[in-house]
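Participant: give me a model of this one.
(one chain, ligands or ions: 1)
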Amino acid sequence: MNPLAFLFRTSLGKKYLMALTGFGLFAFVVVHMVGNLQFFLGREAINRYAYFLHSVPELLWGARIGLLVMVGLHVWTAIQLSAENRAARPIGYKRKKALGSSYASRTMLMSGLIIGCFVIYHLLHFTVQVPEVNFTGKDFHDLVDAEKHHDVYQMMVTGFLQPWVTLFYIVGVGLLCLHLSHGVSSLFQSLGLRTGKYTPLLKSFGFWMSWVLVIGYWSIPISVVLGLKK
Ligand code: HEM
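Facilitator: So this is what the prediction gives:
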């Protein structure tokens, strides 16, 4: 069977596809968090970083298209695999028993769906900067710094002073990390890497990485809400 037919037609291929796209999205989430943490280095640092990203359109659009393809394939494989699992389940037992499965693993589809809604909102809020969705009465396009670059620092501070918006970010990022705590360790399993003595190490890698991510991402809105960043 040719590799493309294997990836798109067989259950094992779809599992690989889900694991590979999941890994790509996980890598993006880590890089995006590290980039965002420059918020703590001050206005100049984060604005310069954002300006740099926008000044290389090939990099920006390459990453955007890559992300879109990965999200599309990840969602498609999730729907396909869950339909296949449901079809393979014996008729008559309505409630799936949580035999040894974690809360995160049982809620992957639901957390994934809410994360999707969060990301769409986040793009409208900070990337497209639709004034109606920031609930501050301001247009983020108007925020510019002393160097006449877009003031991303001020956009974050202004954006996170809106309690409902901040709460949505806290919930969205929290669910993302719950999703990753199971997703990262199971992707190693799907790729056949979680074997033998490395199993506990790879399991705890997923767990600890999700804590690093939740703390890293949450630290930004929380520091604004606490008035530590103005
Ligand atoms: C507190 C948490 C977060 C903050 C403060 C934040 C901040 C930002 C900012 C400022 C931008 C716009 C950059 C620019 O155009 O200059 C952005 C874009 C983006 N963020 Fe986030 N982000 C957060 C969480 C997330 C999460 C959890 C995800 C993914 C699950 C994510 C995915 C994206 C994507 C896909 C873009 C669009 C990049 C582009 O194409 O321009 N962000 N984020």
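
Participant: what residues does the protein have near the ligand?
Facilitator: Counting by CB under 6 Å from any ligand atom, the positions of the chain adjacent to the ligand are 29, 32, 36, 50, 64, 67, 119, 122-123, 126-127, 152, 156, 169, 173, 176, 217, 220-221. All C-beta atoms are positioned from the backbone trio N, CA, C, and that covers glycine.

Participant: if we use 5 Å, what do you get?
Facilitator: Residues of the chain found near the ligand (CB under 5 Å from any ligand atom) are Asn36, Ala50, Arg64, Phe126, Thr127, Tyr217, Ile220.

Participant: run a quick neighbour tally on the fourth one.
Facilitator: Residues within reach of Phe126, counting by other CB atoms under 10 Å, total 16.

Participant: which residues does it contact?
Facilitator: Under the criterion of CB atoms under 8 Å, 6 or more residues apart in numbering, the contact list for Phe126 reads Phe140, Met155, Met156, Gly159.

Participant: ok so, going back, the residues of the chain next to the ligand, buried ones only, as a ChimeraX selection?
Facilitator: The ChimeraX selection below is limited to those of the residues of the chain next to the ligand classed as buried (16 or more other CB atoms under 10 Å):
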select :36,50,126,217,220
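
Participant: ranges for the helices of the protein?
Facilitator: Counting by DSSP state H, one finds helices in the chain at the ranges 3-9, 11-36, 43-55, 57-88, 103-106, 108-122, 152-159, 163-190, 199-225.

Participant: export those to CSV and append columns for distance to Asn134.
Facilitator: Output for the helices of the chain, formatted as CSV (distance: least, CB to CB, whole Å):
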stretch, distance to Asn134
helix 3-9, 40
helix 11-36, 17
helix 43-55, 17
helix 57-88, 21
helix 103-106, 31
helix 108-122, 10
helix 152-159, 6
helix 163-190, 7
helix 199-225, 13
